[in-house]
Structure formats: structure tokens, C-alpha cells
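K.L.:
coordinates only, no sequence provided:
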């Protein structure tokens, strides 16, 4: 029972903070692309709406990052899984020139390879 109440390692909390910051950043970028697309769309009689296309990448990644960040920063970690998929998607965001997401994804994968973090996720998977 004491193990279930143990504080998560600092790297797990760092993953949560990075995902939360990256998610908020990506949602802000998505909102800026929507505003740019709408203004250019009106100015060019519809052709500029193409500028809204990056929103299709930023929005889902931002939502996934925020959900992962909140889940990692919450007090209940039962059933918590390592976010390898989100980290890989963050690294792929370099295609949209989102260097923050790429750096956060690389750091997440590095943190997930730490034996202490791996043991923590395994204990939460078994107790959840």
C-alpha cells in the first residue's frame, strides 16, 4: 500500500510538465493558423483557406499532449502507461517546424528509457 502512495519520480513529473506545455503551445499555434487562414481566405475570396491545413496536425497533437500532461500531473497514476506513441508523434511534428514538440518528444523517450521510470510505469500498470 505504501508503494501505491509513493511519489512519482521527477522524470515522470517532467514528462507531464513537458506534455502540458507542448500541448498548450500547439493549441495556441493551431489558433493562430485558423486566424491566418480565415483572414487570408476572406482576402483571397476562398483560396487562402488552405492555410488552415496545419491545424489538422497541431490540434490533435496538442489535445493528446494536454491529456497526457494532466494525467501525469494528477495524483492518481493507477493504470498509467508510458507515452511512447505521443513522444513519437511529437518528434514527427518537426515536419511542421514545431521544434518544441520535437525536443519534448526526444526528452520523453530519453526519460522513458531510465530504469527508475520504467519500474515506476510497470508498478502502476500492475496496480491499475
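P.N.:
Looks like it came in fine. Remember, it's a predicted structure, so these values are computed and weren't measured experimentally. Residues are numbered from 1 along each chain as shown.
K.L.:
from here on, contacts and neighbour counts on C-alpha atoms
P.N.:
OK.
K.L.:
show me where the chain has its helices.
P.N.:
Remark: helices assigned in the chain by DSSP state H are 10-43, 55-73, 84-92, 99-112, 115-127.
K.L.:
shouldn't residue 36 be in contact with residue 52?
P.N.:
Yes. Using CA atoms under 8 Å, residue 36 is in contact with residue 52, at 7.5 Å.
K.L.:
CSV for the helices of the chain, including mean neighbour count?
P.N.:
Formatted as CSV, the helices of the chain follow (neighbours: other CA atoms under 10 Å):
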stretch, mean neighbour count
helix 10-43, 19
helix 55-73, 20
helix 84-92, 19
helix 99-112, 20
helix 115-127, 16
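K.L.:
let's have those in TSV, adding mean pLDDT.
P.N.:
Putting those into TSV (pLDDT from 0 to 100) gives the following:
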stretch	mean pLDDT
helix 10-43	93
helix 55-73	94
helix 84-92	95
helix 99-112	95
helix 115-127	87
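K.L.:
now stretch 82-93: how far from the chain's centre is it?
P.N.:
7 Å (CA atoms, centre = their mean, to the nearest Å).
K.L.:
contacts for it, please.
P.N.:
The contact list for stretch 82-93 (CA atoms under 8 Å, 6 or more residues apart in numbering) reads 57, 61, 64-65, 68, 99, 101-106, 108-109, 112, 121.
K.L.:
thank you, goodbye.
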